[in-house]
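J.: what follows is a protein structure lacking sequence information:
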């Protein structure tokens, strides 16, 4: 159910901004964690952290650093 909601957000027209993209990346990573897919989780959290740093989004940087 949560995955479907994130997929709907990703397909929303006209919402291809840096803020929505980084938020979607974070949500996808958070959804994978409880599923136990450690490889994909690490890849997404790494991309999330890199994007947060490159955009200078301090709140997202803090969130990324807090991810296990």
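T.: Perfect, I can see it now. In this text, all values refer to a predicted model and were calculated from it rather than measured experimentally. Residues are numbered from 1 along each chain as shown.

J.: surely residue 27 meets residue 6?
T.: Yes - contact criterion CB atoms under 8 Å: residue 27 and residue 6 qualify, at 4.9 Å. From N, CA and C alone the C-beta is placed, and that goes for glycine too.

J.: who has more neighbours, the two?
T.: Each of residue 27 and residue 6 has its neighbours counted (other CB atoms under 10 Å); residue 27 has more, 18 against 15.

J.: the longest helix in the chain is where?
T.: helix 38-55 (DSSP state H).

J.: what residues sit buried inside that helix?
T.: Neighbour counts using 16 or more other CB atoms under 10 Å place 41, 44, 45, 47, 48, 49, 51, 52 of helix 38-55 among the buried residues.

J.: how about stretch 22-33?
T.: For stretch 22-33, by 16+ other CB under 10 Å, it's 22, 23, 24, 25, 26, 27, 28, 29, 30, 31, 32.

J.: and the average pLDDT for the helix or strand containing the first one is what?
T.: Of the helices and strands defined by DSSP states H and E, residue 22 is found in helix 18-32. Helix 18-32 comes out with an average pLDDT of 90.

J.: from the contact counts, what lies against that helix?
T.: Helices and strands touching helix 18-32, by 3 or more CB pairs under 8 Å, 6 or more residues apart in numbering; DSSP states H and E, are helix 2-11, helix 38-55, helix 58-66.
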